[in-house]
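Trainee: coordinates only, sequence not included:
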Ligand code: SAH
């Protein structure tokens, strides 16, 4: 972080703009908006600046810059077209500890002015540290479209109730959860649609009903995090991720997804560390119970969908046994992600009328897959956790009658920037995996639909 962002309260504070042209005027307008007590120093003023000074009754010192004019100033803009004067202003301010900005001369600025989106009282400021000001403007344009113009109304109305809510809910966590719930409900829409009174009524209702104990009740969110690309999260997943006090995650959850969890949440890694074993499932289930009992909002993030080869069922069974409230949020399973990002439709009128998901993982070596049922040439087979067992799976399928030249694809790290797609046939699957140095997580897709991968090659350009 090259700069430290702050918002300054300048109401009634003496501030100075050195320069009477249009550049100075832009800064003067901003300072005036923020309530500063403004002085303009310049032997002459542009027509627009003169009008502004007169209209707003600002102090104009019609003279050249001198350091004595800095007396008592909190913040100064050097906005003359003379680089030497600007530098003198900068040096004099530095010597006196006054915040100073020489417009468009980043080398002699103690602070910089960000691009701003003004939804007062909400203000969003963006900076690229002076590296690419145009980028900050782009970002600002995007934010302008993202944050409705009436966002300020929302903040103002909510702000009216701040003290009242604080009194009713002295506990900070309870308060945060109260506002979270209120802001994601109909209150926000009313407030932003100009129905201020209806919005106020909703807040009063919510305050009357607020109960600290039930707000801070522990709860578990079992959330599908999708296959990796954060764009594939559901809105609900994101909302719960923002509410969590603690998150339990494993290898399948990508960093990009983890970055979206509430920043203050504690992070507990419960996956495998290299050759080590993961936290045993029973311990994990009980950890969820313990944390919820402490009154925490516990986020259990799972790769893909929690109920597809995710042992999510076992986790909520334990919660139910212990009477812990929970929610389950579906995620995009990796087969769906891999299929779309690799251009391999899992079903297709000409190639496959069905699809089966199986796991290649064997519990204590026992084989429970019904091979004879997996050999239909008109169905796609997707194998999760199948990389280690792939050669054996291919052998079994061929032995039970699936064609040796059945196309197969191995999709590695699907939907992430590291996604790789390898194709071959059932007969060559083992060599393919060994040869390409494929690492988990990866899925094996078996069936004629894989032929479409080349045909739909343009898809690859769509991958992240
Ligand atoms: N619940 C998860 C699956 C958990 S089992 C889901 O719905 O996707 C773990 C297996 O999922 C891995 O061995 C791998 O086969 C597959 N998998 C998960 N994420 C993947 C990804 N990004 N790319 C390829 N395969 C993935």
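Mentor: Ah, there it is. Nothing here was measured: the structure is a model prediction, and the numbers come from that model.
Trainee: can I assume residue 257 sits in a helix?
Mentor: Yes: using DSSP: H, G, I helix; E, B strand; the rest coil, the assignment for residue 257 is a helix.
Trainee: go ahead and confirm it touches residue 233.
Mentor: Yes: here residue 257 reaches residue 233: they are 6.6 Å apart, a contact under Cβ atoms under 8 Å. From N, CA and C alone the C-beta is placed, and that goes for glycine too.
Trainee: identify the contacts common to those two.
Mentor: Both residue 257 and residue 233 are in contact with 225-226, where contact means Cβ atoms under 8 Å, 6 or more residues apart in numbering.
Trainee: neighbour count for these two, which is higher?
Mentor: Taking neighbours as other Cβ atoms under 10 Å, residue 257 and residue 233 compare with residue 257 leading, 27 against 22.
Trainee: show me what contacts the more buried one?
Mentor: Contacts of residue 257 (Cβ under 8 Å, 6+ apart): 225-226, 228, 230, 233, 301.
Trainee: swap the cut-off to 6 Å and go again
Mentor: 225, 230 (Cβ atoms under 6 Å, 6 or more residues apart in numbering).
Trainee: for the ligand, see how far away it is.
Mentor: 11 Å (Cβ to the nearest ligand atom, to the nearest Å).
Trainee: mind checking pLDDT for that residue?
Mentor: According to the prediction, residue 257 has pLDDT 96.
Trainee: for this protein, which residue gets nearest to the ligand?
Mentor: residue 304 (2.0 Å; Cβ to the nearest ligand atom).
Trainee: hmm, that residue is touching residue 334, no?
Mentor: Yes: here residue 304 reaches residue 334: they are 4.6 Å apart, a contact under Cβ atoms under 6 Å.
Trainee: so for the helix or strand hosting residue 145, mean pLDDT?
Mentor: Per DSSP states H and E: residue 145 is located in helix 133-146. Here helix 133-146 scores 84 as its mean pLDDT.
Trainee: one more: stretch 206-214?
Mentor: Stretch 206-214 comes out at a mean pLDDT of 88.
Trainee: how many neighbours does the residue of the chain closest to the ligand have?
Mentor: Neighbours of residue 304 (other Cβ under 10 Å): 29.
Trainee: distance of it from residue 451?
Mentor: 25 Å (Cβ to Cβ, to the nearest Å).
Trainee: and for residue 305?
Mentor: Residue 305 is 27 Å from residue 451, by Cβ to Cβ.
Trainee: looking at the two, which is more packed in?
Mentor: It is residue 305, of residue 305 and residue 451, that has more neighbours when counted by other Cβ under 10 Å, with 22 against 16.
Trainee: which SS class is residue 301?
Mentor: strand.
Trainee: and it, how far is that from residue 234?
Mentor: Residue 301 sits 12 Å away from residue 234, going by Cβ to Cβ.
Trainee: over to residue 369?
Mentor: 31 Å.
Trainee: with residue 345 instead?
Mentor: 22 Å.
Trainee: go on, residue 154?
Mentor: From residue 154 to residue 234 the distance is 24 Å (Cβ to Cβ).
Trainee: just give me how far stretch 146-166 sits from the chain centre.
Mentor: How far stretch 146-166 lies from its chain's middle: 22 Å, per Cα atoms, centre = their mean, to the nearest Å.
Trainee: got the end-to-end distance for that stretch?
Mentor: From its first residue to its last, stretch 146-166 covers 29 Å (Cα to Cα, to the nearest Å).
Trainee: quick one: residues in contact with that stretch.
Mentor: Under Cβ under 6 Å, 6+ apart, the answer for stretch 146-166 is 119-122, 188, 191-192, 196, 199, 203.
Trainee: residue 344: what secondary structure?
Mentor: Looking at residue 344 with three-state DSSP, the answer is coil.
Trainee: list the contacts for residue 188?
Mentor: Residues in contact with residue 188 (Cβ under 6 Å, 6+ apart) are residue 154.
Trainee: that one looks like it's in a strand, true?
Mentor: No: with three-state DSSP as the criterion, residue 188 is helix rather than part of a strand.
Trainee: average pLDDT for stretch 370-388?
Mentor: Regarding stretch 370-388, the rounded mean pLDDT is 95.
Trainee: what about that stretch, near the ligand?
Mentor: Yes: using Cβ under 6 Å from any ligand atom, stretch 370-388 reaches the ligand at 384-385.
Trainee: so residue 327 bridges to which residues?
Mentor: Here residue 327 sits in beta bridges with residue 221, going by DSSP bridges.
Trainee: what parts of the stretch 151-300 of the chain come near the ligand?
Mentor: Near the ligand, when you scan the stretch 151-300 of the chain using Cβ under 6 Å from any ligand atom, you find 227-228, 252.
Trainee: now the residues you listed in a markdown table, with neighbour count and secondary structure?
Mentor: Output for those, formatted as a markdown table (neighbours: other Cβ atoms under 10 Å; DSSP: H, G, I helix; E, B strand; the rest coil):
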| residue | neighbour count | secondary structure |
| --- | --- | --- |
| 227 | 30 | coil |
| 228 | 29 | coil |
| 252 | 19 | coil |
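Trainee: lowest-confidence entry in the residues you listed?
Mentor: residue 252 (92).
Trainee: wait, isn't residue 334 in contact with residue 227?
Mentor: Yes: Residue 334 lies in contact with residue 227 (Cβ under 6 Å); the separation is 4.1 Å.
Trainee: overlap in contacts, the two.
Mentor: Joint contacts of residue 334 and residue 227 (Cβ under 6 Å, 6+ apart) are 304, 414.
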